[in-house]
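Trainee: here is my input, please return the structure:
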Amino acid sequence: MCAEQSPFAEDERENQKMKYSLAPMEGITGYTYRRAFDSCFGPMDQYYTPFLSPNSARSFMKREQKEVEPEHNVGLPVVPQLLTRNAEDFLWASERLAECGYKEVNLNLGCPSGTVAAKGKGSGFLSFPEELDLFLEKVFRESPLPVSIKTRIGRNADEEFPRLLAIYRKYPISLLIVHPRIQKDFYKVPPRREPFRLAMEDSPFPVCYNGDIFCREDYEELISEFPDLDMVMLGRGILVNPGLLRELRGGAPAAKAELWEFHERLLDGYVEEFRGDRNLLYRMKELWTYFRYSFEEPERCRRLVRKAGNLAEYRAAVNEIFHMETVRPTGGFSFGK
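Mentor: Numbering: from 1, shown residues only. As a prediction, this is how the structure comes out:
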């Protein structure tokens, strides 16, 4: 069952050799998800927010403001992520976040969304290395907060990464999180380890790996190749299997009762967050895009959840899944297989 609160104090987090963070995933890993996860399967060493988009109006959207309100993140080591190619907007947002008590801000250079990339943001910004260099020069000169970066290895080709890495190495980045795919890959092809190796070699800042860690075997393979790696960001693997973090730390896989308790805490959180069923069901159905693979018959889970048109029907569908379905073993697991 879920713990009442995270059992690790801050100094205990720091004493762990490997550091784990939760990746920002738009529409899923917001504050309601983070709180439910931390209470049931945490703690993570860091939680990154889905991206905030500062603008020339010098304001956050209401949804974004709620995401970083301190009362929504009590007790969690949260790092807000910003998506922009305008240095002034980035600096304004950094100042606001510093006023809220945050200790670090993250720059999104990894979002592969075609809509985002077409605007030259996220991984789309990687197409403009000269502009990116000027952006970073201003940001690192004036930001009131330390700045970390989450990046892909290029927009169109792996060969773009050495130049990007040379730019990054000019600045005092607090942490470089590398997802070793290009923007055009989305998630369709395996991450490439050789570009990540370049980042690990002689970088003047800490480096974190992100990409396709779905089970302990994936993790052990990564560590055997990069024995000096001490930071890993988990994304879709956690959405598929909320107990993955515990498994990576040497613990037991999540039992069905624990998955049920996590689901119920998350659902209760969304009931509190949203008015009416529409947005709530959208969030939960988005989660089941991944969570269904915790069970032996993921397609059956998908069909049951998809049919739900209101909260009562959704609860009935989930009750049927947890009563009838068997939790899937996690060893050797890959998303979508």
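Trainee: Tyr47 is in what secondary structure piece?
Mentor: Following DSSP states H and E, one finds Tyr47 within strand 46-48.
Trainee: so how far is that strand from its chain's centroid?
Mentor: Distance, stretch centre to chain centre, for strand 46-48: 7 Å (Cα atoms, centre = their mean, to the nearest Å).
Trainee: tell me what it is packed against?
Mentor: strand 19-22, strand 78-79 (3 or more Cβ pairs under 8 Å, 6 or more residues apart in numbering; DSSP states H and E). C-betas here are computed from N, CA, C, even on glycine.
Trainee: now with 6 Å?
Mentor: Contact partners of strand 46-48 among helices and strands, from 3 or more Cβ pairs under 6 Å, 6 or more residues apart in numbering; DSSP states H and E: strand 78-79.
Trainee: sheet-wise, list the partners of the strand it packs on with their directions.
Mentor: Counting by DSSP bridges, the strands paired with strand 78-79 are strand 46-48 (parallel).
Trainee: which element, helix or strand, includes the residue nearest to Trp288 when sequence neighbours are not counted?
Mentor: Leaving aside its sequence neighbours, Trp288 sits nearest to Val305 (Cβ to Cβ, 6 or more residues apart in numbering; 4.6 Å). Using DSSP H and E, Val305 sits in helix 298-307.
Trainee: and for that helix, what's in contact with it?
Mentor: Helix 298-307 is contacted by residues 285, 288, 292, 295, 317, 321 when judged by Cβ atoms under 6 Å, 6 or more residues apart in numbering.
Trainee: please parse the protein into its domains.
Mentor: Each domain of the chain is listed here as a residue range: 11-248, 256-324, per automatic domain parsing.
Trainee: need those domains in JSON lines (columns: mean neighbour count and mean pLDDT).
Mentor: Shown next, in JSON lines, are the domains of the chain (neighbours: other Cβ atoms under 10 Å; pLDDT from 0 to 100):
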{"stretch": "domain 11-248", "mean neighbour count": "18", "mean pLDDT": "94"}
{"stretch": "domain 256-324", "mean neighbour count": "16", "mean pLDDT": "96"}
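Trainee: can you list the residues that contact the biggest helix by length in the chain?
Mentor: When the chain is parsed with DSSP state H, its longest helix is helix 256-273. The contact list for helix 256-273, computed with Cβ under 6 Å, 6+ apart, reads 1-2, 32, 36, 40, 242, 280, 283, 322, 327.
Trainee: now swap in stretch 218-233 and tell me
Mentor: Stretch 218-233 has contacts (Cβ under 6 Å, 6+ apart) with 18-21, 23, 177, 208-210, 213, 248.
Trainee: and stretch 50-58, by the same measure?
Mentor: By Cβ under 6 Å, 6+ apart, the residues outside stretch 50-58 that reach it are 24, 26, 60, 64, 81-84, 89, 92-93, 108.
Trainee: how about a cut-off of 7 Å?
Mentor: Stretch 50-58 is contacted by residues 24-27, 29-30, 60, 64, 67, 80-84, 89-90, 92-93, 108, 111 when judged by Cβ atoms under 7 Å, 6 or more residues apart in numbering.
Trainee: now that stretch - C-alpha only, CSV.
Mentor: Coordinates of each C-alpha in stretch 50-58 appear next as CSV, following Å, rounded to 0.1, in the frame of the first residue of the first chain:
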residue,chain,number,x,y,z
PRO,A,50,5.8,19.6,-17.9
PHE,A,51,7.1,22.7,-19.8
LEU,A,52,5.9,26.2,-19.1
SER,A,53,5.8,28.6,-22.0
PRO,A,54,6.7,32.1,-20.9
ASN,A,55,5.6,34.8,-23.3
SER,A,56,6.0,38.5,-24.1
ALA,A,57,2.9,39.3,-22.0
ARG,A,58,5.0,38.3,-19.0
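Trainee: the stretch 151-300 of the chain: helices as residue ranges?
Mentor: Here the stretch 151-300 of the chain has its helices, by DSSP state H, counting those that start in this stretch, at 161-168, 193-200, 216-225, 236-240, 244-248, 256-273, 278-291, 298-307.
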